[in-house]
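A.B. asks: need a 3D model of the sequence below.
(2 chains)
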Protein chains: 2
Amino acid sequence: MSEAAPVLTGPVEVVGTGLLGTSIGLACRRAGIEVLLTDVASEHLRTASGLGAGRPRRAGDRPQLVVVAVPPDHLGAEIVRALEDGDAVVTDVGSVKTGPLASVTGRPGAERYVGSHPMAGSERSGPLAASAALFDGRPWAVTPHQGSDPGAVAVVDALVALCGAVPVRLSPEEHDRAVARTSHVPHLLSSLVAARLAEAPEGHLALTGQGVRDVTRVAAGDPVLYGQIVTANSEAVLALLGEVRTQLDALIDAVSTADRGSLEALLREGVDGTRAIPGKHGGPVRPMRSVFVSVPDHPGELARLFADAGASEVNIEDVHIDHDPGRPVGLVELLVDETRAEHLLASLESRGWVTHR
Amino acid sequence: MSEAAPVLTGPVEVVGTGLLGTSIGLACRRAGIEVLLTDVASEHLRTASGLGAGRPRRAGDRPQLVVVAVPPDHLGAEIVRALEDGDAVVTDVGSVKTGPLASVTGRPGAERYVGSHPMAGSERSGPLAASAALFDGRPWAVTPHQGSDPGAVAVVDALVALCGAVPVRLSPEEHDRAVARTSHVPHLLSSLVAARLAEAPEGHLALTGQGVRDVTRVAAGDPVLYGQIVTANSEAVLALLGEVRTQLDALIDAVSTADRGSLEALLREGVDGTRAIPGKHGGPVRPMRSVFVSVPDHPGELARLFADAGASEVNIEDVHIDHDPGRPVGLVELLVDETRAEHLLASLESRGWVTHR
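C.D. replies: The predicted structure follows:
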């Protein structure tokens, strides 16, 4: 991993002071690097400066690195403008990487362009949602093209390290195919499921459980932004949607002919997929077990539960809270290392918690 | 709401001592009601008895209520057998309600059958996973048919109340259409998304974020059980899968022609669907806001966070933990009432937590 200091000395220009751009500005300022801010929206620019993310760029400023953090539709034009403006290294933080690359290929300075993509979005947006810690521990794809200068790649790697993120090296084409699979197509299918809920007859949604809430959570995202992202990655998205369509037809066929073998085979592929997701710490998936506890729905009760769990020295890997729809009791699921579950159960029970064995 | 004591006096027979049957036995025993257990698997029967869920049924026992809790494929036959066996009220806890009803319609005693369905499954199974508290605060559909005796309905309602669940009254046909929409079709689509992950090229899943983990979580469920459930509800499932297929075609068309308007309209229907999901307490959805906090991934740190959040007197409605794939820092999302978010942020910051504003 490269040390930030010798490679990235600044100034860093941030073009677009939304959530990502302002957060990058804050992270650079935290490291003592000068940050120059540019935005067509003067209100965003003032807010980002006011938050300490940098100062507005002035004529004569010469950035070492330009970070383009504008909406997908404007990425290509802003990257080209930044390359033509001087001799700075240029990166962007867009969700799709082949489109912006196409707009610089063959142009003077293309060797100074290295795309990137931090996996740190949010349903929030704008500079007020920004934080220097937004990228802490998140994957951040760095996607050099064949003509990228190694020195330019090192500068972008240094930015990723400075922001506390984990660099993931992929080609632009691989990146786009990867996010189509891990992000864009899951989002689109989640939207199709959620749209069926909007049409539900009166009273049917009283049976809504945690499963469908999970499946549809991402469908709440901004339709305009996701429309831009999906059309910018249409080739990879369409290839996968075609696969989904083929499998959906096979599924409909299996259900309508009551072909259990084919139906179970399709469901089993899904199980295999959930097992292919990397473990939370990037290593192999450790066997986990869920510990269920009933918790009164008052302020302080979760605190008491976590204090008691903490006292048992068991690391909690994940939490789900499944509220009842009519009573002031919640069911809390604590995901812990399988080898520690019995100890946690016994420890919580000895402190008076109602567990579900 | 009916009082349990005067209506349900027992004995209650539980046929099938898996997770649901054993949990119902435990809940009845907790209320002092005699429970008779029946299971073709003698090992399950011994385990359930040993856990205190009741005693094996003997010749001459006369239950007031029989609860059929066997896998979907065997429901109809076991319900018929229970109706023919005596004059007890009979219910079942299967995920689909029209199929079992069809097997009793026109038979003697059909008026004593009232279907039901607790929304309290789990990825765990078997009697060892059972708990008297499994149904606490969960919705439990009660689905009388047109010929159901009101006295029989009252007995089943009393069981639901005794188990601490929230009764939801629906006709069998409405129930099946509702769960196709809120459970079966979301599960199937989740499986199709997850199956694409199983085929991902080397390295692409390094970009897996929280979104796709949520979308695919339910796809980890048992393929044999879900195969039975889906085929038992094939009519309602196929109607919705047909709608999904039509919308998927429209989506593919919109992406391939870069028709932004249609694409955004499809995504917007998904947003509407997420807003249609009832609030956690069954009432209207209160505006919520996410508060993001960086938390070191050690035992005790979450406890400290929840203790500090508790001290601020803000009720936490939900929690997500988003671990990094490479570093010992997690991003914790606390969902709270919108009007309390600023207070919580200020309170946590004053205690030294790194929040993401």
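A.B. asks: list the contacts of A:His184.
C.D. replies: Taking CB atoms under 8 Å, 6 or more residues apart in numbering or on different chains as the criterion, A:His184 is in contact with A:Ile229, A:Val230, A:Asn233, A:Ala236, A:Val237. To be clear about C-beta, it is placed using only N, CA and C from the backbone, and glycine gets the same treatment.
A.B. asks: which residue would be the closest one in the stretch 1-150 of chain A to chain B?
C.D. replies: A:Gly137 (2.5 Å; CB to the nearest CB).
A.B. asks: picking that back up, just the ones of the contacts of A:His184 in helices?
C.D. replies: Per DSSP state H, helices hold the following members of the contacts of A:His184: A:Ile229, A:Val230, A:Ala236, A:Val237.
A.B. asks: any idea which of those is closest to B:Asn315?
C.D. replies: Lowest distance from B:Asn315 to these (CB to CB) belongs to A:Ile229, with 34.6 Å.
A.B. asks: still on that earlier bit, keep the contacts of A:His184, but drop any that are not near chain B.
C.D. replies: The subset of the contacts of A:His184 within reach of chain B, by CB under 8 Å from any CB of the partner chain, is A:Val230, A:Val237.
A.B. asks: burial count for A:Gly106?
C.D. replies: 8 (other CB atoms under 10 Å in any protein chain shown).
A.B. asks: do me a favour and get the backbone dihedrals for it.
C.D. replies: A:Gly106 adopts backbone torsions of phi 90, psi -10, taken as degrees, to the nearest 10.
A.B. asks: give me phi/psi at A:Asp337?
C.D. replies: Reported as degrees, to the nearest 10, the phi and psi values for A:Asp337 are phi -50, psi 130.
A.B. asks: now it: how far from chain B?
C.D. replies: Note on A:Asp337: its distance to chain B, by CB to the nearest CB, to the nearest Å, is 11 Å.
A.B. asks: could you give the bridge partners of that residue?
C.D. replies: A:Met288 (DSSP bridges).
A.B. asks: isn't it up against A:Ser290?
C.D. replies: No - using CB atoms under 8 Å, A:Asp337 is not in contact with A:Ser290; the gap is 11.6 Å.
A.B. asks: span of stretch A:159-170 from start to end?
C.D. replies: Distance across stretch A:159-170, first residue to last, is 17 Å (CA to CA, to the nearest Å).
A.B. asks: tabulate the contacts of A:His184 (a markdown table), appending neighbour count.
C.D. replies: Output for those, formatted as a markdown table (neighbours: other CB atoms under 10 Å in any protein chain shown):
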| residue | neighbour count |
| --- | --- |
| A:Ile229 | 23 |
| A:Val230 | 29 |
| A:Asn233 | 25 |
| A:Ala236 | 21 |
| A:Val237 | 28 |
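A.B. asks: max pairwise distance over the contacts of A:His184: which two?
C.D. replies: A:Ile229 and A:Ala236 (11.4 Å).
A.B. asks: please enumerate the helices of the stretch 151-300 of chain A.
C.D. replies: Counting by DSSP state H, counting those that start in this stretch, the stretch 151-300 of chain A has helices at residues A:172-179, A:185-198, A:210-216, A:223-232, A:234-256, A:260-276.
A.B. asks: pick the most buried one from these.
C.D. replies: Ranked by mean neighbour count under mean count of other CB atoms under 10 Å in any protein chain shown, the helices of the stretch 151-300 of chain A are led by helix A:185-198, which reaches a mean of 26.
A.B. asks: that one near chain B at all?
C.D. replies: Yes - residues of helix A:185-198 contacting chain B under CB under 8 Å from any CB: A:185-198.
A.B. asks: quick one on the thing from earlier: rank the helices of the stretch 151-300 of chain A by pLDDT, which is bottom?
C.D. replies: Comparing mean pLDDT across the helices of the stretch 151-300 of chain A, the lowest value falls on helix A:210-216: a mean of 89.
A.B. asks: can you tell if it touches chain B?
C.D. replies: Yes - using CB under 8 Å from any CB, helix A:210-216 comes into contact with chain B via A:Gly211, A:Val212, A:Arg213, A:Asp214, A:Val215, A:Thr216.
A.B. asks: show me the contacts for A:Leu207.
C.D. replies: If you count contacts by CB under 8 Å, 6+ apart, A:Leu207 has them with B:Met119, B:Pro139, B:Ala141, B:Val168, B:Leu170, B:His175, B:Ala178, B:Val179, B:Thr182, B:Ser183.
A.B. asks: tell me which helix or strand of chain A sits lowest on mean pLDDT?
C.D. replies: When each helix and strand of chain A is scored by mean pLDDT, DSSP states H and E, helix A:4-7 comes last, with a mean of 63.
A.B. asks: tell me the SS of A:His117?
C.D. replies: Three-state assignment for A:His117 (DSSP: H, G, I helix; E, B strand; the rest coil): strand.
A.B. asks: can you read off the pLDDT for it?
C.D. replies: At A:His117, pLDDT is 96.
A.B. asks: what sits closest to it if chain neighbours are left out?
C.D. replies: Closest residue to A:His117 apart from its sequence neighbours, by CB to CB, 6 or more residues apart in numbering or on different chains: A:Ala141 at 4.3 Å.
A.B. asks: contacting residues around that neighbour?
C.D. replies: A:Lys97, A:Ser116, A:His117, A:Pro118, A:Met119, A:Pro167, A:Val168, A:Arg169, A:Leu170, A:His175, A:Ala178, B:Leu207.
A.B. asks: distance of the closest residue to the first one other than its chain neighbours from A:Ser191?
C.D. replies: Leaving out its chain neighbours, the residue that sits closest to A:Lys97 by CB to CB, 6+ apart is A:Pro172, at 3.9 Å. When CB to CB, to the nearest Å is the yardstick, A:Pro172 and A:Ser191 sit 26 Å from each other.
A.B. asks: find the residue ranges of chain A scoring beneath the pLDDT cut-off.
C.D. replies: Along chain A, the model assigns pLDDT under 70 to residues A:1-6, A:121-124, A:279-287, A:297-299, A:321-330, A:357.
A.B. asks: strands of that one, residue ranges please.
C.D. replies: Here chain A has its strands, by DSSP state E, at A:12-15, A:35-38, A:55-56, A:65-68, A:89-92, A:115-118, A:139-143, A:166-169, A:288-296, A:316-323, A:329-337, A:354-355.
A.B. asks: among these, which is the most enclosed?
C.D. replies: Of the strands of chain A, the one with the most neighbours on average (mean count of other CB under 10 Å) is strand A:89-92, at a mean of 29.
A.B. asks: other residues contacting that strand?
C.D. replies: Residues outside strand A:89-92 that contact it (CB under 8 Å, 6+ apart): A:64-69, A:75, A:78-79, A:82-83, A:100, A:109, A:112-116, A:151-152, A:155-156, A:159.
A.B. asks: which of the residues you listed count as buried?
C.D. replies: Buried members of these, scored by 16 or more other CB atoms under 10 Å in any protein chain shown, are A:64-69, A:75, A:78-79, A:82-83, A:100, A:109, A:112-116, A:152, A:155-156, A:159.
A.B. asks: please report how far A:Ser103 lies from A:Tyr113.
C.D. replies: Note on A:Ser103: its distance to A:Tyr113, by CB to CB, is 10 Å.
A.B. asks: from chain B, how far off is A:Arg177?
C.D. replies: Per CB to the nearest CB, A:Arg177 is found 7 Å from chain B.
A.B. asks: give me the nearest residue to that residue, chain neighbours excluded.
C.D. replies: Closest residue in space to A:Arg177, ignoring its immediate chain neighbours: A:Ala236 at 4.6 Å, by CB to CB, 6+ apart.
A.B. asks: isn't the one you found right next to A:Asp176, touching?
C.D. replies: Yes - with contact defined as CB under 8 Å, A:Ala236 and A:Asp176 form a contacting pair (4.9 Å).
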